[in-house]
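Trainee: Build the 3D model from these lines:
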Amino acid sequence: MNTASLPSAPDAALATVPLHLTQLHVAYDQAVRLLRIRDSYDWHQHLWQTFPGRDGEARDFLVRIDEKEETYRVLILSRTPATRPAWCPGDNFASKPVPDAFFSHPAYAFSLLANPTKKIRSNVAGERTKNGRRVPLTTREDLLAWLERKAAASGFVIDADSTQTVPRGREYFHKDKPRTQGLHAAVEYRGRLRVTDPVAFRAAIASGIGSAKAFGFGLLVLAPLT
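Mentor: Numbering: from 1, shown residues only. Sure, this is the predicted structure:
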C-alpha cells in the first residue's frame, strides 16, 4: 500500500477525469473489535481494500471519516469505481459516478476536514534549521488565512465571515513498518464558497486540499447553492 501524497496543487488535467463517490457505514463495534481499527493509518490500510489488486500503486482517491453516534460514515472520492470489501455488508455500501453537471454550479455550501500546518525553520534554541518542522495552526485568523490561500490556488473564494473553524482534536497514528508515530491536528471548515475558475475548482476537487490526504483529510464535501 502506498501512502504517497496526491499533488499538492491542482493539475488542470484532473479537471476532466471522471469521479466516483462511495459511502460506507461501519459500526463502531465492528471497527474496533473485528477490524481492530485504532487510528487513521488503520483506516487507510482497510480502505485500500476497496481498490483490490493495486498494491504499490500511487493513491488516487480521497477519504473522509466521520463518527456518527455508534457508526462511522466513510466517504471515498475516487477516479476509478470502488469495490465493496468483504468486511462491509452490502446494505452499508453504495457507490455511484458523480455527474459532470454537479460541478457546474456557481456556489456551494462546503465542509472540509483539513490538517492546516505551517513550517517552523528554527529549533527550540532559536537556531535556523535546514528543513524545519511542521506545526499545527491554532488561531482562527491563521486557519482562515490558510484556507484562503488554498482557495485562491483552487479556483474558489470563501465567505470568511461566515466560515466556521471547528477543531476536531489531535489524531495520533502508528505505522508498524517502519515503526513510527505521527500526529495530525484536525480542523473542520464549514461555510460557503463561490467558484472563480471552474477548471481549477474541478481539478482541486479531484486532487484534494491540503496535506495528509492518505489519512482522511482534503476531501471537499459540497452541496450546490441556488
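
Trainee: In this structure, spot the strand with the most residues.
Mentor: The residue-count maximum for a strand in the chain (DSSP state E) belongs to strand 179-195.

Trainee: For it, what is the distance to the chain centroid?
Mentor: How far strand 179-195 lies from its chain's middle: 7 Å, per Cα atoms, centre = their mean, to the nearest Å.

Trainee: helices or strands up against it?
Mentor: Here strand 179-195 touches strand 107-114, helix 140-153, strand 156-158, strand 164-176, going by 3 or more Cβ pairs under 8 Å, 6 or more residues apart in numbering; DSSP states H and E. C-betas here are computed from N, CA, C, even on glycine.

Trainee: mind listing what's buried in the first one?
Mentor: Yep, that's strand 107-114 we're talking about. By 16 or more other Cβ atoms under 10 Å, the buried positions in strand 107-114 come out as A107, Y108, F110, S111, L112, L113, A114.

Trainee: which of those residues lies closest to H46?
Mentor: H46 lies nearest to L113 out of the buried residues of strand 107-114, by Cβ to Cβ, at 18.1 Å.

Trainee: pLDDT value on the closest one, please?
Mentor: Note on L113: pLDDT of 96.

Trainee: now the one 10 residues further on
Mentor: N123 carries a pLDDT score of 58 in this model.

Trainee: How about K175?
Mentor: Among the per-residue scores, K175 shows a pLDDT of 57.

Trainee: now do V74
Mentor: Value for V74, per-residue pLDDT: 95.

Trainee: quick one: the strands in the protein?
Mentor: Counting by DSSP E, the strands of the chain are 20-27, 61-68, 71-78, 93-97, 107-114, 117-122, 128-136, 156-158, 164-176, 179-195, 220-224.
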